[in-house]
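A.B. asks: With the input below, show me the fold.
(chains A and B)
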Amino acid sequence: MKKSQKGFLQMLGAKGGFRHGIHPEENKEQTEHKAIRRIPFPKEMVLPLAQHRGAPAKPVVVKGQDVVRGELVAEAGGYVSAPIHAPVTGTVAAVDKLVSMPDGTKGTAIIIRTWPSSSQEVLYRKTVDTDVMSPDELVQAVQSAGVVGLGGAAFPTHVKMKAPQGKTITTLVGNGCECEPFLTCDHRIMLEYAENMIRGARLAMKTTGATRTIIGVEDNKMDAVQRIREAIAAFPGDNSDITCEAVKTQYPQGAEKMLIKSLLDLEVPCGGIPADIGCAVFNVGTLAQIGELVPESRGLIERIVTVSGSGVNKPGNYLVPLGTPLPELLKHAEAMDDPGMVILGGPMMGGAIATTDIACTKGITGVLVFPPESLPSPDESEEMPCIGCRACVEACPMLLNPSTLGRLAQNDRYEDMADKFHMWDCFECGCCANVCPSNIPLTQLIRVAKGAHRQRNQPA
Amino acid sequence: MSGHTDFHKSISMKIRTSPHLKKTLTVRQIMASVVMALLPVCVWSIWLFGLSALVLLITTTLSCMATEALFNRLAGKPAMARESSVVITGLLLGLTLPPGFALWMAALAGFVAIALGKVLFGGLGQNPFNPALVGRAFAQAAFPVSITTWTPAFLPERFTSFIPSSLAFPFMTPADASGWIQNQVDGWSGATPLKMIGGGGDFASATDLMFGTVSGSSGETAGLLILLCGAWLVYKGVMGWKIPVAVMLGTVATSLPFWLMDASVYPSPLFMLFSGGLMLAAVFMATDMVGTPLTEKGVWVFGLMIGFLTVIIRLFGSLPEGAMYAVLIANACAPLIDTFTQEKPFGYRKPEKALNKGGKGA
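C.D. replies: Numbers count the residues shown, from 1 in each chain, chains lettered A, B, ... in the order given. Coordinates of the predicted model:
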């Protein structure tokens, strides 16, 4: 839709949405109809200990030890941390190997060599009755399962499953927006694992104390909305407190603040969290894993990853054992050998990686491969001065002024950015840089400014 | 090449921070679209005023381009900028001048527009004022007689000979064109529609104004055509619709009470809209992105202010035309407007502590 037309609609006040945002090309048709398929078990698995936010996990196995698929290999390193389970049956080859991490740093990892002849059954499971478990026991069970936010944030889920001190949670929000272009893994999860998702939502409602669940799905996935509604109707017990709502397809609808605004017409206060207004937001993939793992006391050992982009011959949604070296996944999807750019996650917020020599971890939603010729030439991406066109101002979903923020960042005026222009409300969705006709890397400027501002204001 | 290793392969991949998607018009496309939108206005003005208007437009455009090239050279940059904003300035300047304006004066105005209006502040994106209007303001101050000497449209000889005043030698007073005009039309007074304000005369009909078949500056007379070109820009997503609408609203809202008070002295809002340079200013000048506020509310304030100031200057000022100064004054206020209309971010709540402290807290 043209910017001008969008402006008119916004003037008329289309209710139930958030202001601004953009409509990037979706590029989901390559993979949205591809059912989830398991990839073969690789010969060697790499399990970084820090594949979630918070403290890294601590190994509980030693070199040379045999492990069975699903067995605990590293325990949580604190409250905000998650344990790691063996994704394959095999032998531990190392517990302290330095490997490349997606963000370019190095991190410690456990290496497991797969037994080639193993049936790879999950032997570590014990069915439990979640109905008799107390909320605290359930929260503990979620941590023991090693579940983290599977929408990309990789924040340990159990931390969000309890209402923070002094706050009550009334509404659970299931985030099935998947507003990032190219990615379809959540779409497939909603189609194929809707029952697990509802079971997960039930458990999360019990621990958070929420009295209702709303699952928000962008209206470019109406098949998922219908599937979820059918699953809710067919799910045992009274499920009138769980609903599924379609929301407008508009980036960044999947940002939790935007989704809450769209579904409930409530605004999370500046600097606050959803719990401040009684909400807890969970990605649909996370809910599905909670619903699948907790009743069987299993650990999180695999996830669904969308592999797409014009550099891939067999794009699809793959069930990937966590710890699979990325080249193995790319080989299976028949990605090109000399890509120009590889992105982990979606193209709007995901990071480009310098090397594919990394492992698939819990937070990887997608891998996008692009050939060198599809990238903009230096001539096309040349940066020009800001002409004050207001495109970024009309795109920012947080109603900030990215143009001014960018100018201030270029002049190192980080304090002004934070105090007068609300820099810390920016969650780096990338809308401003996406629409900038002058190719100014606004999002990057704000990102760098945040880092510098944090450093300057650190207590010595 | 056989020396490629895996290491080399890794190194050749592009690293950027997100977002990796880019879907927008570029600055170059925006500027080119505005030039495209100005061309019909130029063609219409040439059809109305003939050879002189054509050469005037070429002169201002070339003068602006040459000035920018000169200063780019002095700054050690490539002479030709990679976008065509300078052409916009040149065309706009040409369109605001009377068709018979002496060419040497036009060239000088073009130089001033770019040198003082744009380069002095640091070039594209830095100019607080619309450069074309800076050039025109200079011309108004330096050549007050020439800039208020208009010729009527549709003169029979407009395509075969220049308006005599066009071809004055540099730094010489232009020849009087009235004889040349009187040979072609009888009973010509030389007044433009706006000059009638306060004179108690008949105001030109709105239809004449809309189609530009009246005396006036070369490009300012065809209000309807300008609107159409602006609508195309809005449709293409190049220009926002809010500023032109706000300018027109401001104009109507300010002139309506006067007209209702005494229609024989004060012109109608429709006349105000379509006379003089208002339409050109609303669609092409006020919307010059650099000098406009960034905030959503600020844009409305900016536009309404231009409309208001234009009417006030026209009715009570000593100048017949107010749109130019209205835009320049509003340009100067844009940063201030931005400061006062800064939008509250998503989820903003008034800090309660500040209220208790009585304003000036630590």
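A.B. asks: Doesn't A:T108 lie inside a strand?
C.D. replies: Yes. Counting by DSSP: H, G, I helix; E, B strand; the rest coil, A:T108 is found in a strand.
A.B. asks: Now do the contacts for it.
C.D. replies: A:P48, A:L49, A:A50, A:P56, A:D96, A:K97, A:L98, A:V99 (C-beta atoms under 8 Å, 6 or more residues apart in numbering or on different chains). Bear in mind the C-beta positions are built from the backbone N, C-alpha and C, glycine included.
A.B. asks: Identify the bridge partners of the closest residue to the last one other than its chain neighbours.
C.D. replies: Distance criterion C-beta to C-beta, 6 or more residues apart in numbering or on different chains; nearest residue to A:V99, sequence neighbours excluded, is A:A109 at 4.5 Å. When bridges are called by DSSP bridges, A:A109 pairs up with A:P48, A:K97.
A.B. asks: Show the buried residues in the contacts of A:T108.
C.D. replies: A:P48, A:L49, A:A50, A:P56, A:V99 (16 or more other C-beta atoms under 10 Å in any protein chain shown).
A.B. asks: Check the residues you listed and tell me the two furthest apart.
C.D. replies: A:P56 and A:V99 (12.8 Å; C-beta to C-beta).
A.B. asks: quick one: common contacting residues for those two?
C.D. replies: Joint contacts of A:P56 and A:V99 (C-beta under 8 Å, 6+ apart) are A:G107, A:T108.
A.B. asks: Now residue 334: phi and psi?
C.D. replies: Unless you meant another one, I'm taking chain A. A:E334 adopts backbone torsions of phi 50, psi 50, taken as degrees, to the nearest 10.
A.B. asks: if I pick it, what's in contact with it?
C.D. replies: So A:E334 contacts A:V312, A:N313, A:K314 (C-beta under 8 Å, 6+ apart).
A.B. asks: For ChimeraX, write the select line for the buried members of these.
C.D. replies: Buried members of the contacts of A:E334, identified by 16+ other C-beta under 10 Å, are gathered into one ChimeraX selection as follows:
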select /A:312
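A.B. asks: gap between the nearest residue to A:L445 once chain neighbours are set aside and A:F421?
C.D. replies: Leaving aside its chain neighbours, A:L445 sits nearest to A:A409 (4.0 Å; criterion: C-beta to C-beta, 6+ apart). Using C-beta to C-beta, to the nearest Å, we find A:A409 at a distance of 10 Å from A:F421.
A.B. asks: With A:G311 instead?
C.D. replies: Distance of A:G311 to A:F421, computed by C-beta to C-beta: 38 Å.
A.B. asks: between the two, which one's more packed in?
C.D. replies: Taking neighbours as other C-beta atoms under 10 Å in any protein chain shown, A:G311 and A:F421 compare with A:G311 leading, 24 against 21.
A.B. asks: Hmm, that one is touching A:L375, no?
C.D. replies: No. A:G311 is beyond contact range of A:L375, at 10.6 Å (criterion: C-beta atoms under 8 Å).
A.B. asks: Common neighbours of the two, please.
C.D. replies: Residues touching both A:G311 and A:L375 by C-beta under 8 Å, 6+ apart: A:G340.
A.B. asks: From start to finish, how long is stretch A:238-250 in a straight line?
C.D. replies: Terminal residues of stretch A:238-250 lie 33 Å apart, using C-alpha to C-alpha, to the nearest Å.
A.B. asks: Surely A:M190 is within a helix?
C.D. replies: Yes. Under three-state DSSP, A:M190 falls within a helix.
A.B. asks: neighbours around A:G78, how many?
C.D. replies: When counting by other C-beta under 10 Å, one arrives at 12 neighbours for A:G78.
A.B. asks: any idea which helix or strand carries it?
C.D. replies: Element membership for A:G78 (DSSP states H and E) is empty, with no helix or strand holding it.
A.B. asks: got a pLDDT number for it?
C.D. replies: Looking at A:G78, its pLDDT reads 89.
A.B. asks: For the closest residue to A:M349 other than its chain neighbours, the count of nearby residues, please.
C.D. replies: Nearest in space to A:M349, with sequence neighbours left out and distances taken as C-beta to C-beta, 6+ apart, is B:S18 at 5.1 Å. Per other C-beta under 10 Å, the neighbour tally for B:S18 reads 23.
A.B. asks: isn't B:S18 right up against A:L344?
C.D. replies: No. Counting by C-beta under 8 Å, B:S18 does not reach A:L344; the two are 10.2 Å apart.
A.B. asks: Can you pull the residues that touch both of these two?
C.D. replies: With C-beta under 8 Å, 6+ apart as the test, B:S18 and A:L344 both reach A:G350, A:G351.
A.B. asks: near chain A, which residues of the stretch 201-350 of chain B show up?
C.D. replies: The stretch 201-350 of chain B comes close to chain A at residues B:234-237, B:240-242, B:289-292, B:294-296, B:299, B:338, B:342-349, as judged by C-beta under 8 Å from any C-beta of the partner chain.
A.B. asks: ranges for the helices of the stretch 101-250 of chain A?
C.D. replies: Here the stretch 101-250 of chain A has its helices, by DSSP state H, counting those that start in this stretch, at A:135-144, A:157-160, A:185-192, A:194-208, A:222-234.
A.B. asks: closest to A:L368 out of those helices?
C.D. replies: Nearest to A:L368, of those and by C-beta to C-beta, is helix A:185-192 at 12.2 Å.
A.B. asks: which stretches of chain B have low pLDDT?
C.D. replies: B:1-16, B:158, B:168-169, B:171-173, B:175-221, B:320, B:351-362 (pLDDT under 70).
A.B. asks: Which residue would you name as the spatial centre of it?
C.D. replies: Chain B has B:M285 as the residue nearest its centroid, 2.6 Å off, counting by C-alpha atoms, centre = their mean.
A.B. asks: From what I see, it and B:L133 are in contact.
C.D. replies: Yes. Contact criterion C-beta under 8 Å: B:M285 and B:L133 qualify, at 6.0 Å.
A.B. asks: Doesn't B:G76 belong to a helix?
C.D. replies: No. Secondary structure of B:G76 (three-state DSSP): coil, not part of a helix.
A.B. asks: Spit out the contact partners of it.
C.D. replies: Here B:G76 is in contact with no residue (C-beta under 8 Å, 6+ apart).
A.B. asks: Return the backbone torsion pair for it.
C.D. replies: For B:G76, the backbone dihedrals (degrees, to the nearest 10) come out as phi 80, psi 20.
A.B. asks: and if you look at A:G351?
C.D. replies: Main-chain torsions, A:G351, degrees, to the nearest 10: phi -110, psi 140.
A.B. asks: That one pairs with what?
C.D. replies: What pairs with A:G351, by the bridge criterion (DSSP bridges), is A:L344.
A.B. asks: Give the burial count for it, as a bare number.
C.D. replies: Neighbour count of A:G351, defined by other C-beta under 10 Å: 17.
A.B. asks: Quickly note the distance from it to A:C429.
C.D. replies: Using C-beta to C-beta, A:G351 is found at 14 Å from A:C429.
A.B. asks: Likewise for B:Y325?
C.D. replies: Separation of B:Y325 from A:C429 (C-beta to C-beta) stands at 41 Å.
A.B. asks: Have a look at the two and say which one is more surrounded.
C.D. replies: A:C429 (26 against 19).
A.B. asks: check contacts around the closest residue in space to the more buried one that isn't next to it in sequence.
C.D. replies: Excluding its sequence neighbours, the residue lying closest to A:C429 (C-beta to C-beta, 6+ apart) is A:P252, at 4.2 Å. By C-beta under 8 Å, 6+ apart, the residues touching A:P252 are A:G21, A:C179, A:M258, A:M348, A:M349, A:P397, A:C429, A:C431.
A.B. asks: closest to A:E380 among the residues you listed?
C.D. replies: Using C-beta to C-beta, the shortest approach to A:E380 within the contacts of A:P252 belongs to A:M348, at 18.9 Å.
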